[in-house]
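K.L.:
just need the structure, nothing else, for what follows:
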Amino acid sequence: MKFELKKNLTKHELGDLARLVENQEGDIALADLSFDARLEQLLEELICERENKLINRLIKAASFKYPMASIESLDFDARQVKKNTIIDLAAMGFVATATNLIITGPTGAGKTYLSCALGIEACKKTYRVFYIRMPDLMRNFEDRRDDLKELTRYRKRLGNYNILIIDEWLNYKLNERDAKMLYELFEQRSGNNSTIFVGRFPVAEWHDRLGGGTQADSIMDRIVHNAYEIPSSETNLRKIYESKKLANLKAEIEK
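P.N.:
Alright, predicted model coming up:
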């Protein structure tokens, strides 16, 4: 490739295209291909490379607690959940219908890991995802409370994610002011985007933990009527996995 052409491609943010063209020029195996065949292969490689870069950016921007989580690594037997159920959810049909997911269960049941695994699958399909712990969410609201413009901007940003994962959901009871902030968020997301709620407490206890009354009614109405609850095992997966890691480390040390 001519130097000036390569320079101009780089200038116009097409440096990856220039690199792929040079790779083709150095590949003897492609010498007998027609121009159309080489162009098609070049464009397929470019699209694949750019899509992978986009996926990596989406995963990084999502701030997952477990950025390496994967559906393939899930122990379905230990979780006591049907593999087909999770595989179907990983196809992201629930995002198209703006359906919420509810993952509840005891500490150590692997709820957060599962939510991250589903979130990463969504990123692979180029959906915009964001993970946040509820204490951090409420703290961010509180920090912006005196600046209505900034508060509104932050809430709208959260409202626009295709999937919002809220971990440690309702680990503590809310006061009326905090409940109102959540209402505004779910009013924006309801019917438009999916939210994954991850927490210890069953849905039956949410109303009380949201402060009760009509405010809690309104929040629940925007969450549970269009939600699918993923069953969670009572097994403490964290304890099992940490025990295995410790045993492996001990075996390695004592070799």
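K.L.:
and the helices in the stretch 101-250 of the chain, which stretches?
P.N.:
111-124, 134-143, 148-159, 176-189, 206-209, 213-221, 237-253 (DSSP state H, counting those that start in this stretch).
K.L.:
what's the fourth one in contact with?
P.N.:
When you say that, I think you mean helix 176-189. With CB atoms under 8 Å, 6 or more residues apart in numbering as the test, helix 176-189 has contacts from 98, 138, 141, 155-156, 158-159, 164, 174, 195, 210-211, 213, 215-216, 218-219, 222-223. In short, each C-beta sits where N, CA and C put it, glycine included.
K.L.:
for Ile196, give me its contacts.
P.N.:
Counting by CB under 8 Å, 6+ apart, Ile196 touches Asn100, Leu101, Ile102, Ile103, Ser115, Leu118, Gly119, Ile163, Leu164, Ile165, Ile166.
K.L.:
what residue, apart from its backbone neighbours, is nearest the third one spatially?
P.N.:
Sequence neighbours aside, Glu229 is the residue nearest to Ile102 in space, at 4.4 Å (criterion: CB to CB, 6 or more residues apart in numbering).
K.L.:
give me the neighbour count for that neighbour.
P.N.:
Glu229 sits with 14 neighbouring residues when counted by other CB atoms under 10 Å.
K.L.:
against Asn162, how distant is it?
P.N.:
Noted for Glu229: a distance of 20 Å to Asn162, by CB to CB, to the nearest Å.
K.L.:
next, count neighbours for Phe130.
P.N.:
Applying other CB under 10 Å, we find 18 other residues in the vicinity of Phe130.
K.L.:
ditto for Tyr154
P.N.:
17.
K.L.:
which residues sit in contact with the residue lying closest to it once chain neighbours are set aside?
P.N.:
Of all residues not flanking Tyr154 in the chain, Arg144 sits nearest, at 5.5 Å (CB to CB, 6+ apart). With contact taken as CB under 8 Å, 6+ apart, Arg144 is in contact with Glu150, Leu151, Tyr154.
K.L.:
surely the last one and Leu137 touch.
P.N.:
Right, Tyr154. No: contact criterion CB atoms under 8 Å: Tyr154 and Leu137 do not qualify, at 9.9 Å.
K.L.:
now stretch 172-185: average pLDDT?
P.N.:
Per-residue pLDDT over stretch 172-185 has a mean of 92.
K.L.:
export that stretch as PDB, just CAs?
P.N.:
What follows is stretch 172-185 as a C-alpha-only set of coordinates in PDB (Å, rounded to 0.1, in the frame of the first residue of the first chain):
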ATOM      1  CA  TYR A 172     -32.000  -1.900  53.400                       C
ATOM      2  CA  LYS A 173     -35.400  -0.200  53.700                       C
ATOM      3  CA  LEU A 174     -36.000   3.100  51.900                       C
ATOM      4  CA  ASN A 175     -37.400   6.300  53.200                       C
ATOM      5  CA  GLU A 176     -40.000   8.200  51.200                       C
ATOM      6  CA  ARG A 177     -37.500  10.600  49.600                       C
ATOM      7  CA  ASP A 178     -35.400   7.700  48.200                       C
ATOM      8  CA  ALA A 179     -38.500   5.800  47.100                       C
ATOM      9  CA  LYS A 180     -39.500   8.800  45.100                       C
ATOM     10  CA  MET A 181     -36.200   8.900  43.300                       C
ATOM     11  CA  LEU A 182     -36.600   5.200  42.400                       C
ATOM     12  CA  TYR A 183     -40.100   5.800  41.200                       C
ATOM     13  CA  GLU A 184     -38.900   8.500  38.700                       C
ATOM     14  CA  LEU A 185     -36.300   6.100  37.400                       C
END
